[in-house]
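**Student:** Sequence first, then the predicted structure, then my questions.
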Amino acid sequence: MLKNVRTKSISTSKYPEELRKFAVTLHFYSAKAYEYVRKTFHFSLPHDKKSSDKKSSSVECAPGFSTLCFEILSIKVQEGDDNGKKVVCCLLLDEMSIKKQIDYDGQRFWGYLDHGVDLQDDEVEPAQEALVLMVVCLNASWKLPIAYFLIKTLTAAEKANIVTEASARLTEIGVLVTSLNHLRWPNSTF
């Protein structure tokens with residue numbers, strides 16, 4: 001990278017993995033910042049749009065409970081057990097308004113009501129909100145979204161079922177949930 005800056009030329013040698021990760025992260029946060037840094041430092045950052053897209057889109061994030069996130073939590077619990085510390089978390093719920101929009105990714109349509117169960121129904125409506133569940137560790141500095149659901153509205157009983165399922169899954173892997181926070185509590189029927 002320094003050689004490119006000094007000679008103001010573009011090196012065709014392979015970029016180090018750390019630099020590739022930095023480029024993907026910077027591009028994720030701000031495409032304009034990525035382009036600025038890339039041009040300012042004479043194209044010292046990789047510009048492989050296909051690999052950048054592939055790396056940033058390789059995680060399956062379908063509505064429902066995330067298997068990957070629960071695997072990560074299991075690793076955190078194992079690390080805590082090895083160090084003699086329990087993983088103590090708060091479970092957060094947040095309902096966010098989203099734009100009614102249906103998108104097609106080449107394989108399926110996204111944006112319809114989706115409670116994490118694959119239903120084939122011609123009468124499914126576009127979602128108006130996303131219900132997101134996140135755990136925040138109280139004895140370490142991390143947080144992790146564990147599920148989301150595309151919804152129109154949910155009854156108190158439906159929300160209670162989702163919270164009960166989340167608590168059961170977290171307890172099953174060894175996470176101690178000490179509190180529940182609903183970020184839209186005044187407007188919520190919970």
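**Tutor:** Here it is on my side, so go on.

**Student:** Now for D105, how many residues are close by?
**Tutor:** Burial measure for D105: 8 neighbouring residues, criterion other Cβ atoms under 10 Å. No exception for glycine: its C-beta is placed from N, CA and C like everyone else's.

**Student:** could you list every residue that touches L131?
**Tutor:** If a contact means Cβ atoms under 8 Å, 6 or more residues apart in numbering, then L131 has L93, D94, E95, Y148, F149, I151, L154, K159, I162 as its contacts.

**Student:** quick one: what helix or strand has the fourth one in it?
**Tutor:** For Y148, the host element (DSSP states H and E) is strand 143-151.

**Student:** Just the buried positions in that strand, please.
**Tutor:** Using 16 or more other Cβ atoms under 10 Å as the burial criterion, the residues of strand 143-151 that qualify are L144, I146, A147, Y148, F149, L150, I151.

**Student:** Take those and write them to JSON lines, including distance to S66 and pLDDT.
**Tutor:** Rendered in JSON lines, the data for these read as follows (distance: Cβ to Cβ, whole Å; pLDDT from 0 to 100):
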{"residue": "L144", "distance to S66": "9", "pLDDT": "93"}
{"residue": "I146", "distance to S66": "6", "pLDDT": "95"}
{"residue": "A147", "distance to S66": "6", "pLDDT": "93"}
{"residue": "Y148", "distance to S66": "8", "pLDDT": "90"}
{"residue": "F149", "distance to S66": "12", "pLDDT": "89"}
{"residue": "L150", "distance to S66": "14", "pLDDT": "86"}
{"residue": "I151", "distance to S66": "17", "pLDDT": "85"}
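
**Student:** now for the strand holding Y148, which elements pack on it?
**Tutor:** Helices and strands in packing contact with strand 143-151 are listed as strand 64-65, helix 67-82, strand 129-137, helix 156-173; criterion 3 or more Cβ pairs under 8 Å, 6 or more residues apart in numbering; DSSP states H and E.

**Student:** Of the ones you listed, which stretch is the most buried?
**Tutor:** Per-stretch averages of neighbours, counted by mean count of other Cβ atoms under 10 Å, single out strand 129-137 among the helices and strands packed on strand 143-151, with a mean of 19.

**Student:** Between helix 156-173 and that strand, find me the angle.
**Tutor:** In this structure, strand 129-137 runs at an angle of 30 degrees to helix 156-173, with axes from the mean of the first three to the mean of the last three Cα atoms, to 10 degrees as the basis.

**Student:** For strand 129-137, which strands pair with it and how are they oriented?
**Tutor:** Strand pairing for strand 129-137, using DSSP bridges, gives strand 87-97 (antiparallel), strand 143-151 (antiparallel).

**Student:** sorry, back to before: distance to D103 added to the helices and strands packed on strand 143-151, as TSV?
**Tutor:** Supplementary listing: the helices and strands packed on strand 143-151 in TSV, determined by distance: least, Cβ to Cβ, whole Å:
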stretch	distance to D103
strand 64-65	18
helix 67-82	22
strand 129-137	14
helix 156-173	24
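
**Student:** Understood, closing this out.
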